[in-house]
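K.L.:
sharing a model that was predicted from the sequence below.
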Amino acid sequence: RGDQADPEEDLVQYIKSLHQGWSDEVHYVLDNTPKESVEQRDLYDRAPELLRSWADGNVVLCGDAVHPMMPNLGQGGCQAIEDAYVLTEMLANTKKTTDLEKTLKEFYKRRIVRVSIVQFLSRLASDLIINAFDTPWSPHDDKGRSWKSYLTFFWKPVLQLAIFPAQFAYLYSYHPTGSMGGLPKKLEEKWREKHRPRSEEAFEEADRVRRDGGKVKVKASFFQKAEEIGEKVEA
């Protein structure tokens, strides 16, 4: 594209050209970013190992070593944790060292279907949802005028009401530890009991200050702190 800088000449300017129209804070960060600190980190995944076991004798691989996936669903580390739990559970039930090799092969069979589906969903999120769609078209501004934007606008209800719910239902309906029962509800009640009074007090205090014509004190944002540090350095 003609409106984009050349990444080979100046990587920071190239990134800025990709963020034209973004807030001043974004460009402030980019303006203060040394070119030598910008690195390109490529992302790779791999087709599922459907015909080759993860185990070889008494050794087995887990996590990204056997099922690397794109990060768009945040599942790389999650699947490694699931691997570790399932493997630990299976090893705990293995009473003889002579059965270890068989257990490791069974571990592969138990995990391969789920991680393959998650790999596929992650690739789908990367290739289709990230690359095929764009900012949805809106009649209220001049953004989203490309064909991808119109496509996204018409597909948005399908994505929100069908594809995304089905995708996340599969990801989060699996519990290797078994049903969590009432644990999530107990955690919610515990944190609500702990933090709600302080939150309500803070909102009430803010309302009181506003009614009295004062100004609510808020902590400095990241960008405010960065600007203050920059002013001190320049001074």
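P.N.:
Noted; the coordinates are in hand.
K.L.:
okay, the residue nearest to the spatial centre of the chain: pLDDT?
P.N.:
Centroid check for the chain by CA atoms, centre = their mean gives residue 74 as the closest residue, at 4.3 Å. Residue 74 carries a pLDDT score of 91 in this model.
K.L.:
cool, and residue 140?
P.N.:
pLDDT recorded at residue 140 is 64.
K.L.:
and residue 147, by the same measure?
P.N.:
Per-residue confidence (pLDDT) for residue 147: 69.
K.L.:
what's the distance between the lengthiest helix in the chain and the middle of its chain?
P.N.:
Longest helix in the chain by number of residues, with DSSP state H as the criterion: helix 183-211. Remark: helix 183-211 is offset 27 Å from the chain centroid, using CA atoms, centre = their mean, to the nearest Å.
K.L.:
what of stretch 104-117?
P.N.:
24 Å.
K.L.:
same question for stretch 31-50.
P.N.:
15 Å.
K.L.:
pLDDT of it, averaged?
P.N.:
Confidence for stretch 31-50, expressed as mean pLDDT, is 86.
K.L.:
what about it, start to end distance?
P.N.:
47 Å (CA to CA, to the nearest Å).
K.L.:
what are the buried residues along it?
P.N.:
Of all the residues in stretch 31-50, those buried under the rule 16 or more other CB atoms under 10 Å are 45, 48. To be clear about C-beta, it is placed using only N, CA and C from the backbone, and glycine gets the same treatment.
K.L.:
returning to what we had before: report all helices and strands that the helix or strand that the longest helix of the chain is followed by contacts.
P.N.:
Counting by DSSP states H and E, the next helix or strand C-terminal to helix 183-211 is helix 222-234. Secondary-structure packing of helix 222-234 (3 or more CB pairs under 8 Å, 6 or more residues apart in numbering; DSSP states H and E): helix 24-31.
K.L.:
what does the helix it packs on contact?
P.N.:
12, 15-16, 19, 223, 226-227 (CB atoms under 8 Å, 6 or more residues apart in numbering).
K.L.:
what are the pairing partners of the following helix or strand past it, and which direction each?
P.N.:
The helix or strand immediately downstream of helix 24-31 is strand 55-56, counting by DSSP H and E. Applying DSSP bridges to the sheet, strand 55-56 is found paired with strand 59-60 (antiparallel).
K.L.:
what mean pLDDT does the strand it pairs with have?
P.N.:
pLDDT averaged over strand 59-60 gives 96.
K.L.:
okay, now residue 16: neighbour count?
P.N.:
18 (other CB atoms under 10 Å).
K.L.:
now it: closest residue in space, sequence neighbours ignored.
P.N.:
Excluding its sequence neighbours, the residue lying closest to residue 16 (CB to CB, 6 or more residues apart in numbering) is residue 30, at 5.1 Å.
K.L.:
surely residue 72 meets residue 126?
P.N.:
Yes - at 4.9 Å, residue 72 and residue 126 qualify as touching, with contact defined as CB atoms under 8 Å.
K.L.:
pop the domain breakdown of the chain in here.
P.N.:
1-41, 183-234 (automatic domain parsing).
K.L.:
would TSV of the ones you listed with distance to residue 94 be doable?
P.N.:
Shown next, in TSV, are these (distance: least, CB to CB, whole Å):
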stretch	distance to residue 94
domain 1-41	39
domain 183-234	28
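K.L.:
any idea which of the ones you listed gets closest to residue 154?
P.N.:
Between residue 154 and these, the tightest spacing by CB to CB is seen for domain 1-41, at 23.8 Å.
K.L.:
give the residue farthest from the middle of the chain.
P.N.:
residue 212 (42.6 Å).
K.L.:
show the pLDDT at that one.
P.N.:
Looking at residue 212, the pLDDT reads 79.
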